[in-house]
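1. Fold the stuff below for me.
(one chain, ligands or ions: 1)
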Amino acid sequence: MKAMFIYNPSSGKADAEQYKETTVNVLEGLGYEVIIKETSKQNDATIFATQACAEKVDFLLAMGGDGTINEVVNGLAEQPNRPLFSFIPLGTVNDFARALGIPLEPELAIEALKMTNTRLVDIGQIGDKYFMNIVAVGEIASRVADTTVEQKTKMGSLAYLLEGAKAVISNEEIEMTITHDQGIWKGTPMLILVALTNSVGGFEKLVNAAEVNDGKLHIYIIKQAGLASIARMGAKVLLGTLEEDTGVEVIESSNVLIESGNPLYCNVDGDEGDCTPLNIQILPKHLKMLVPQKN
Ligand SMILES: Nc1ncnc2c1ncn2[C@@H]1O[C@H](COP(=O)(O)OP(=O)(O)OP(=O)(O)O)[C@@H](O)[C@H]1O
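-> Next comes the predicted model:
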């Protein structure tokens, strides 16, 4: 059996090197012959993941933050022979790991490779790219993309909230049209989230209803709100009851087209993505993943 191990030495606190040997030992202990690939720049992880498919490896293991994992998913998504996939989270947010029950401590995640189950997992397609967690559209979303790596490392998920709140103060109303399976929504929302998983920006209960393999895009339309309403919604984010807020509308759909009066950049899995109009669809159970067995 062959495995490819892709790691990003710069992810998180840049400590992939320290976990590399243990990871390879565990893979070899599981009977894999291991091909090791170190990324050095943007897109390397995508190229390596595509190579893994061409070389028909049995298992692809990645180590890195959400950005690296997103690149790997982009390399796998269009290939006909996708290997089993899993990853060791090293980033600052690690939403996909939270959603899948992969331990956030790298040592524990590596150990967990010894006892896994397979799970078919949905991914999303946005234009010609792929994502596994979230697309955010609105002025807040573009500000979040401005959060520096230093801010993210220091404050973790809090950075997302603070940057978001700052953006709200200068928020201008932008007309948006959302075409989904059941109809068309028009308005001037503050933020639109299209989520595949429960965990967004490190908040594990943000999209409570989302399961990684439910075949649905969970669309949260967050309407214009003053600071008091934002504080109320913030509390509900923590409690996992955001969808009950009067300022929030939730739509489930397999496809969505998001158009806006002025072009708006979106944020895809924490990084800047394309500009509106955005065509998003779900690819149900597209990845076969190895996830830790539940105790
Ligand atoms: N050797 C490298 N040095 C610097 N950057 C790299 C290297 N290899 C890959 N990259 C780039 O680093 C980007 C960010 O990495 P990643 O998201 O894994 O870490 P992070 O930003 O610390 O995590 P998170 O997204 O959870 O905050 C990748 O998308 C890739 O383009």
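
2. Could you list the domains of the protein?
-> 2-114, 134-284 (the TED database).

3. Redo those domains as a markdown table? Include mean pLDDT and distance to residue 128.
-> C-beta here means a position set from N, CA and C on the backbone, and glycine is covered the same way. Below are those laid out as a markdown table (pLDDT from 0 to 100; distance: least, CB to CB, whole Å):
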| stretch | mean pLDDT | distance to residue 128 |
| --- | --- | --- |
| domain 2-114 | 95 | 9 |
| domain 134-284 | 79 | 9 |
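
4. nearest to residue 122, of those?
-> Judged by CB to CB, the one of these that comes nearest to residue 122 is domain 134-284, at 5.2 Å.

5. out of the domains of the chain, nearest to residue 126?
-> Using CB to CB, the nearest of the domains of the chain to residue 126 is domain 134-284, at 4.9 Å.

6. Dump the domains of the chain to JSON lines, plus distance to the ligand.
-> Shown next, in JSON lines, are the domains of the chain (distance: least, CB to the nearest ligand atom, whole Å):
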{"stretch": "domain 2-114", "distance to the ligand": "2"}
{"stretch": "domain 134-284", "distance to the ligand": "5"}
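
7. export the ones you listed to JSON lines and tack on mean neighbour count?
-> Output for those, formatted as JSON lines (neighbours: other CB atoms under 10 Å):
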{"stretch": "domain 2-114", "mean neighbour count": "19"}
{"stretch": "domain 134-284", "mean neighbour count": "18"}
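
8. of those, which approaches residue 120 most closely?
-> domain 134-284 (5.6 Å).

9. End to end on that closest one, go ahead and measure it.
-> 15 Å (CA to CA, to the nearest Å).

10. helices or strands up against the particular helix or strand that has residue 23 in it?
-> Per DSSP states H and E: residue 23 is located in helix 16-29. Judged by 3 or more CB pairs under 8 Å, 6 or more residues apart in numbering; DSSP states H and E, the packing partners of helix 16-29 are strand 2-7, strand 33-38, strand 59-64, helix 106-112.

11. thought residue 210 was touching residue 220?
-> No: here residue 210 lies out of contact with residue 220, judged by CB atoms under 8 Å, at a distance of 10.0 Å.

12. how about the strands of the stretch 101-250 of the chain, start to end?
-> 116-126, 129-131, 134-137, 176-180, 183-187, 191-195, 217-222, 248-253 (DSSP state E, counting those that start in this stretch).
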